[in-house]
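>>> A structural model of the following input is requested.
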Amino acid sequence: MLTIARLINLVTCGTGKVVAWLIVPLAGSMLWEVVSRYVFARPTIWAYEAAYMQMGALFLLGIAYVSQTDGHVRVDLFYHRFSARKKALVDLIGLLLIAPLVIWLCFGLWDYFERALNSGERSGQSIWNPVVWPARLTFWLGFMLFAAQIVADILNALCTLITGRVAKRTF
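Prediction:
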């Protein structure tokens with residue numbers, strides 16, 4: 001049971017660390033746009049769309065890593081006072097509530113990606129007008145990673161409920 005959770009945690013951690021580097025091309029494209037626009041008076045036709053697609057990929061592919069590292073916002077009035085088992089129970093309830101939504105989104109986002117791929121859909125946001133399927137693929141991949149991380153977190157919570165020991169979540 002924990003072997004699966006460890007494998008998912010390893011994939012999530014590795015993906016999160018790799019995806020964090022997407023900030024470099026995002027910053028580079030924004031810098032290039034600013035220089036082109038204000039120094040050369042020649043704005044690009046691609047920077048806006050490249051930036052929102054890069055930001056979307058960065059955000060969506062990073063959701064699982066944020067979840068794994070507890071980097072998300074949590075309203076914590078009592079949680080910090082709970083024992084490991086009570087925290088695991090609260091986490092398990094929350095995970096079981098969100099899991100069906102995330103799974104549903106995975107199916108919906110696959111259809112969203114597939115329609116864009118099969119139709120050759122383009123953004124329509126600029127003269128560049130790129131195809132949108134690569135961005136939509138990152139939506140699906142991000143939620144698939146998130147769904148896998150939810151499975152790992154459920155397994156970790158169950159382990160904590162059974163043993164009373166908190167499973168290691170990051171590498």
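
>>> which one's the longest helix in the protein?
helix 84-119 (DSSP state H).

>>> model confidence over that one, on average?
For helix 84-119, mean pLDDT rounds to 96.

>>> Give me the buried positions along it.
For helix 84-119, burial by neighbour count (16 or more other CB atoms under 10 Å) applies to 85, 87-88, 91-92, 95, 99, 102, 105-106, 109-110, 112-113, 116. Every residue, glycine included, has its C-beta placed from N, CA and C.

>>> so after it, what's the next helix or strand?
helix 133-163 (DSSP states H and E).

>>> Quick one: list the elements packing against that following helix.
helix 2-19, helix 47-68, helix 84-119 (3 or more CB pairs under 8 Å, 6 or more residues apart in numbering; DSSP states H and E).

>>> Now do the contacts for the residue sitting nearest the centre point of the chain.
Closest to where the C-alpha atoms of the chain average out (CA atoms, centre = their mean) is residue 63, at 2.7 Å. Residue 63 is in contact with 142-143, 145-146, counting by CB atoms under 8 Å, 6 or more residues apart in numbering.

>>> if we go to 7 Å?
By CB atoms under 7 Å, 6 or more residues apart in numbering, the contact list for residue 63 reads 142, 146.

>>> one step back: just name the closest of the buried residues of helix 84-119 to residue 77, please.
residue 87 (13.4 Å; CB to CB).

>>> Can you classify residue 76 by secondary structure?
coil (DSSP: H, G, I helix; E, B strand; the rest coil).

>>> what's the spacing between it and residue 95?
Residue 76 sits 17 Å away from residue 95 when distances are taken as CB to CB, to the nearest Å.

>>> Residue 37 now?
45 Å.

>>> do the same with residue 61
According to CB to CB, residue 61 and residue 95 sit 20 Å apart.
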